[in-house]
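**Q** Give me a 3D structure for the following:
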Amino acid sequence: MFSYGKGATRPTRRQGLRLVLRDICEFSSIHGLRYTLTGAVTPRVIWSLAVMSSATAMAIFSGFLWPQFTEGKTEVRLVSTRVLLDQRPFPAVAICPEAPVRKDVVRDALVR
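**A** Below is the predicted model of the structure:
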């Protein structure tokens, strides 16, 4: 069971909604959303306007594109290439680990 701590009272519905909104804004991946609740008033207003205008633009563009998406026909073609798997070009991907690589461990793994 959840406890609010010693001497703490349960927040009202409005306070609970404010806490949830603050958590959403603070931990959201939407850029600028966290700045709408922190700092001085002027930057908060500017960030709020920026976030609202971006959301409005997204809604307008989505409204234009949705009919094209729902009415458009989609064609999928599967083409057989008849090429062996080991003869297909492999995309080059470099992964750099944070920990240094030990040459002896790699050498032992390649020998096996």
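**Q** longest single helix anywhere in this structure?
**A** Taking DSSP state H as the criterion, the chain has its longest helix at helix 41-71.
**Q** State the next helix or strand along the chain beyond that one.
**A** As assigned by DSSP states H and E, the chain's next helix or strand after helix 41-71 is helix 103-111.
**Q** Pull the distance from the longest helix of the chain to the chain's centre.
**A** Shown here is helix 41-71, whose average C-alpha point lies 17 Å from the average C-alpha point of the whole chain (Cα atoms, centre = their mean, to the nearest Å).
**Q** Please apply the same query to stretch 31-39.
**A** Taking the mean of its C-alpha atoms, stretch 31-39 sits 17 Å from the chain's own mean (Cα atoms, centre = their mean).
**Q** how close does Ala94 sit to Val79?
**A** Taken as Cβ to Cβ, to the nearest Å, the spacing of Ala94 relative to Val79 amounts to 30 Å. Placement of C-beta: from N, CA and C, glycine included.
**Q** Then Val45?
**A** Following Cβ to Cβ, the distance that separates Val45 from Val79 is 55 Å.
**Q** who's more crowded, those two?
**A** A direct count of neighbours by other Cβ atoms under 10 Å for Val45 and Val79 places Val45 higher, at 11 against 5.
**Q** tell me the pLDDT at the more buried one?
**A** Among the per-residue scores, Val45 shows a pLDDT of 93.
**Q** Can you say which helix or strand has the residue nearest to the spatial centre of the chain in it?
**A** With distances taken as Cα atoms, centre = their mean, the chain has Ser29 as the residue nearest its mean C-alpha position (5.5 Å). When elements are assigned from DSSP H and E, Ser29 belongs to no helix and no strand.
**Q** so who does it touch?
**A** Contacts here follow Cβ atoms under 8 Å, 6 or more residues apart in numbering; on that basis Ser29 touches nothing.
**Q** mind saving the C-alpha coords of the worst-scoring helix or strand of the chain on mean pLDDT as CSV?
**A** When each helix and strand of the chain is scored by mean pLDDT, DSSP states H and E, helix 103-111 comes last, with a mean of 83. These are the backbone C-alpha positions of helix 103-111, laid out as CSV (Å, rounded to 0.1, in the frame of the first residue of the first chain):
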residue,chain,number,x,y,z
LYS,A,103,42.9,-8.2,-27.7
ASP,A,104,43.5,-11.6,-26.0
VAL,A,105,39.8,-12.1,-25.4
VAL,A,106,38.9,-11.3,-29.0
ARG,A,107,41.7,-13.5,-30.3
ASP,A,108,40.5,-16.4,-28.2
ALA,A,109,36.9,-15.9,-29.4
LEU,A,110,38.0,-15.9,-33.0
VAL,A,111,40.0,-19.0,-32.6
